[in-house]
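Novice: Here is a sequence with its predicted model. Questions after.
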Amino acid sequence: MSQPLDTNQEEIRLIRIFPLGPGQPDSTQVECHLDTFSLANTTFTPAYKKYLIDKDLPGAWNNPRSISSRPIQGDELGDWVHIDHPRDNATAFLPKFRYEWGDFMALSYTWGEPTNGREIVVNGQPVSVTQNLEACLRVLRRKDYIKDGWQIWIDAICINQKDIIERANEVKRMREIYTKAWTPIIWLGEEAEGSKTGLNLLITLALEYASRDGINRLTRALHQNSEHFGRGAWRALNDIVCCQYWGRLWIMQEATLGRDSTPVLCGEKTLPWVYFADAFNIIINTDEVINTYIANELKDMSRSLDLIIWPNLNAVNEIRMFQNLHANRSRPNLYRLILFSRAALSTNPRDKVYGLLALMDESLTSLIKPDYSDTVENVYRSFTLDTIRATESLDALRHCELETDSAPPSWVPDLLAQNGKAALTIEDNAFAASGSSLASIQTFADPSIISCKGIIIDHLDGLGCQWTGGWSTDTVIASTSRSNPYGSFGGIREAIWKSMVACHRLPSEPLDADYSSLLATPALATVTLPEQSPVKDVVDSGVFEYCVRFLKGNADLHIGGRRMEEYYWNDINADEIDAVHLRDALMQRDRINLGRRLVTTGRGYIGMALESVVRETDVVAVLLGCSTPLILRSAQSCDNGEVRWKIVGECYLHGTMNGEAMQWGVEIQDIVLCPEEEWKST
């Protein structure tokens, strides 16, 4: 490793991979040259200066810092050079470097097992890297853009991993590095058996089925011929989706700082990122593809469905949304970042915080100083307090769940918990249970205790059926309240189906259609439909069956003094149902119901809360600065009789999500949140 980096000069190390010489076999050891460059040195080439002028960016070329310090993303600069773009001859445009010293890309990849080391040569010295990185370097050295002099930033080589201070400094610079690189370049891994078949299916899905009605067309084609794309195609695509890369925490910021044309390498094959984004979005929004066609082809090979498929698909969807935000010079909200962090994998648990710094707002990152010597508990607790102070919001507490095995304090989200529950919403400003109020907290000498402001608005009264390998009426806990805060029979009916989908079309999209057809599914299941009917394609799906079983399991839950079954639609005209809307509704209900059950309150409200831990004796609170209500559980743990609280989890409670409870005249009080070990449940 060369001399320490001069951060004042924005120095980074880059490697140049030596191409194979004439007659050298592929087995020849990989050789690289590592050198140090200053990102403050933004002396542009004459060609790039001319390009900026031709693109009508007045003054940009003679004030290079104004360009180099902003994201070089999107269409305004995307046609300067294409890196291995499948629809362009990349070599025709190379080399087209921005800087007189050259140009670089940043590699996004999975390190792989450190025990499977391989030796390469860097600056004439042997260096051990993982097998996956060595395989990537072998492929890259055969690429024309590498032969033409493009350099690569690779964390394992360009950061002195043994220098804990340098590691911490470089972690805070990840946004700068990936933004100033011409593009990230993604390495999925070496080509495996069936990779070409899977990639061909991925291309087909992206190009032919990405329209609004594409999922219905796809499922109709598969119903007519389950081998429409050839035997084994779904299994091959499944192996690509389940690739280790997609579950890695660091890819969120790395891929987010790319664009649609970011090259993705799978062995020798290169595809643009947008193909993966479009195809993965189709797969995650159709239950049949995963639970029928993929599952059946795996079963034929004596393999079972790998549940990692769901978080991997979701990760790609998240990255695409983050890319759109980044292109518009925006940052994702913290709730969404924490949600992804919990689901992703990281070798070092501290990276659950540090690995997403590049996507956080500067008001927060300025408070965070990466310290890999600190305890994980301290890192998470400090991060929670920093988020509250930077945002004046308590939305970080929406991630606290009683059922996790987190160490105290209970108000600190357990970022290591991978429980698989979908978010109620990840949309900015989707809910406003506490109105426009801001968070107000107090810390104590005991760092495991905080106090915030809020109101206790209700207590739970009844619980809907719980999943125990199925939904059974035996798990319903009867409610006693006959109150109806929704004003009418129709008001309760609307509250039921909107609670089932948390009043959203998707986690990131507000409800834009009438999804009351969810309450018609038990009746629709008994109707004979034409074979070519789009609605029949939906009725034959697994998500439809699950919805029917869910509603039958909740038939005896009492709401407003009536059995829930009385609110279902019995007279149904299948011709009036929009198949696309029904499928969207069923998929969203399936997401929300995963790990949740219906709940009712003493005031007669209905909603959804965590199924495995919520009790009918819990209370519902609205904390100032928190966008959703939280379920709390009380304990008398202090000698003076002070009630302290433990967070059970967030909930959706229809009729309280937009600040309504703040107008009820309930007294705002101090709500003290304490560590788990102090608790004695009452």
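Specialist: Cool, got the structure.
Novice: longest helix in the chain, by residue count?
Specialist: helix 309-327 (DSSP state H).
Novice: for stretch 417-430, the distance to its chain's centre please.
Specialist: Offset of stretch 417-430 from its chain centre (Cα atoms, centre = their mean, to the nearest Å): 9 Å.
Novice: Next, the buried residues of that stretch.
Specialist: For stretch 417-430, a neighbour-count test (16 or more other Cβ atoms under 10 Å) marks Ala417, Lys421, Ala422, Ala423, Leu424, Thr425, Ile426, Glu427, Ala430 as buried. (Glycine included, C-beta is placed from N, CA and C.)
Novice: One more: stretch 227-247?
Specialist: For stretch 227-247, the neighbour count (16+ other Cβ under 10 Å) marks 229, 232-243, 245-247 as buried.
Novice: the bottom helix or strand of this protein by mean pLDDT?
Specialist: Sorting the helices and strands of the chain by mean pLDDT, DSSP states H and E puts helix 64-68 at the bottom, at a mean of 38.
Novice: any weak-confidence spans in the chain?
Specialist: 1-2, 56-79, 85-95, 403-408, 418-420, 635-641, 676-682 (pLDDT under 70).
Novice: Give me the domain ranges for it.
Specialist: As given by automatic domain parsing, the domain ranges for the chain are 7-182, 219-428, 488-594.
Novice: Redo these as a markdown table? Include distance to Thr600.
Specialist: Formatted as a markdown table, the domains of the chain follow (distance: least, Cβ to Cβ, whole Å):
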| stretch | distance to Thr600 |
| --- | --- |
| domain 7-182 | 46 |
| domain 219-428 | 18 |
| domain 488-594 | 6 |
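Novice: List of residues touching the very next helix or strand once past the longest helix of the chain?
Specialist: The C-terminal neighbour of helix 309-327 among helices and strands, as given by DSSP states H and E, is helix 334-343. By Cβ atoms under 8 Å, 6 or more residues apart in numbering, the residues outside helix 334-343 that reach it are 249, 252, 311, 314-315, 318, 352-353, 355-356, 359-360, 364, 387, 391, 393, 395-396, 398-399, 413-419, 423, 426.
Novice: the strands in the stretch 51-200 of the chain, which residues?
Specialist: Ranges of strands in the stretch 51-200 of the chain, per DSSP state E, counting those that start in this stretch, are 104-108, 117-122, 125-130, 151-153, 184-189.
Novice: same deal with the stretch 501-650 of the chain?
Specialist: Taking DSSP E, counting those that start in this stretch as the test, the strands found in the stretch 501-650 of the chain are 504-506, 509-510, 558-559, 562-563, 596-601, 606-610, 619-623, 630-636, 643-650.
Novice: The fifth one packs against which elements?
Specialist: I take that to be strand 596-601. Here strand 596-601 is seen to pack against strand 450-463, helix 489-500, strand 606-610 when contacts are counted using 3 or more Cβ pairs under 8 Å, 6 or more residues apart in numbering; DSSP states H and E.
Novice: Just the buried ones out of the contacts of helix 334-343, please.
Specialist: For the contacts of helix 334-343, buried by 16+ other Cβ under 10 Å: 249, 252, 311, 314-315, 318, 352-353, 355-356, 359-360, 364, 387, 391, 393, 395-396, 398-399, 413-417, 423, 426.
Novice: Show only the entries of the residues you listed found in helices.
Specialist: Met252, Pro311, Asn314, Ala315, Glu318, Lys352, Val353, Leu364, Thr387, Thr391.
Novice: show me the contacts for the fifth one.
Specialist: I take that to be Glu318. Neighbouring residues of Glu318 by Cβ under 8 Å, 6+ apart: Met252, Arg336, Phe340, Ile426.
Novice: Now do the contacts for the last one.
Specialist: If a contact means Cβ under 8 Å, 6+ apart, then Ile426 has Glu318, Asn333, Tyr335, Arg336, Leu339, Pro507, Ser508 as its contacts.
Novice: likewise the first one?
Specialist: If a contact means Cβ under 8 Å, 6+ apart, then Met252 has Ala315, Glu318, Ile319, Phe322, Leu337, Phe340, Ala344, Gly355, Leu356, Leu359 as its contacts.
Novice: Using JSON lines, lay out the residues you listed together with distance to Thr528.
Specialist: What follows is the contacts of Met252, written out as JSON lines (distance: Cβ to Cβ, whole Å):
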{"residue": "Ala315", "distance to Thr528": "41"}
{"residue": "Glu318", "distance to Thr528": "41"}
{"residue": "Ile319", "distance to Thr528": "43"}
{"residue": "Phe322", "distance to Thr528": "45"}
{"residue": "Leu337", "distance to Thr528": "48"}
{"residue": "Phe340", "distance to Thr528": "44"}
{"residue": "Ala344", "distance to Thr528": "46"}
{"residue": "Gly355", "distance to Thr528": "53"}
{"residue": "Leu356", "distance to Thr528": "51"}
{"residue": "Leu359", "distance to Thr528": "51"}
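Novice: Relative to Gln161, which of those is nearest.
Specialist: Gln161 has its nearest neighbour among those in Gly355, at 15.0 Å by Cβ to Cβ.
Novice: How about the contacts made by the closest one?
Specialist: Counting by Cβ under 8 Å, 6+ apart, Gly355 touches Val171, Leu249, Trp250, Met252, Gln253, Ser341, Ala344, Ser346.
Novice: Kindly recompute the last result at 7 Å.
Specialist: Leu249, Trp250, Ser346 (Cβ atoms under 7 Å, 6 or more residues apart in numbering).
Novice: Pick out whichever of the residues you listed sits closest to Arg138.
Specialist: Trp250 (22.1 Å).
Novice: Skipping adjacent residues, who's closest to that closest one in space?
Specialist: Gly355 (5.2 Å; Cβ to Cβ, 6 or more residues apart in numbering).
Novice: Now the one you found, what are its backbone angles?
Specialist: Main-chain torsions, Gly355, degrees, to the nearest 10: phi -70, psi -10.
Novice: any idea how far it is from Tyr515?
Specialist: 36 Å (Cβ to Cβ, to the nearest Å).
Novice: before we move on, what about Gly102?
Specialist: Relative to Tyr515, and taking Cβ to Cβ, Gly102 is found at 55 Å.
Novice: quick one: which of those two has more around it?
Specialist: Each of Gly102 and Tyr515 has its neighbours counted (other Cβ atoms under 10 Å); Tyr515 has more, 23 against 16.
Novice: now that we're looking at that one, which residues does it contact?
Specialist: Trp497, Val501, His581, Ala585.
Novice: hang on, the earlier thing: in JSON lines, list the strands of the stretch 501-650 of the chain along with mean neighbour count and distance to Asn573.
Specialist: Output for the strands of the stretch 501-650 of the chain, formatted as JSON lines (neighbours: other Cβ atoms under 10 Å; distance: least, Cβ to Cβ, whole Å):
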{"stretch": "strand 504-506", "mean neighbour count": "20", "distance to Asn573": "23"}
{"stretch": "strand 509-510", "mean neighbour count": "12", "distance to Asn573": "27"}
{"stretch": "strand 558-559", "mean neighbour count": "22", "distance to Asn573": "26"}
{"stretch": "strand 562-563", "mean neighbour count": "14", "distance to Asn573": "24"}
{"stretch": "strand 596-601", "mean neighbour count": "26", "distance to Asn573": "27"}
{"stretch": "strand 606-610", "mean neighbour count": "25", "distance to Asn573": "27"}
{"stretch": "strand 619-623", "mean neighbour count": "26", "distance to Asn573": "38"}
{"stretch": "strand 630-636", "mean neighbour count": "19", "distance to Asn573": "39"}
{"stretch": "strand 643-650", "mean neighbour count": "23", "distance to Asn573": "37"}
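Novice: can you put the ones you listed in CSV and add distance to Phe444?
Specialist: Formatted as CSV, the strands of the stretch 501-650 of the chain follow (distance: least, Cβ to Cβ, whole Å):
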stretch, distance to Phe444
strand 504-506, 37
strand 509-510, 39
strand 558-559, 41
strand 562-563, 47
strand 596-601, 31
strand 606-610, 28
strand 619-623, 17
strand 630-636, 17
strand 643-650, 11
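Novice: Appreciated, that's everything.
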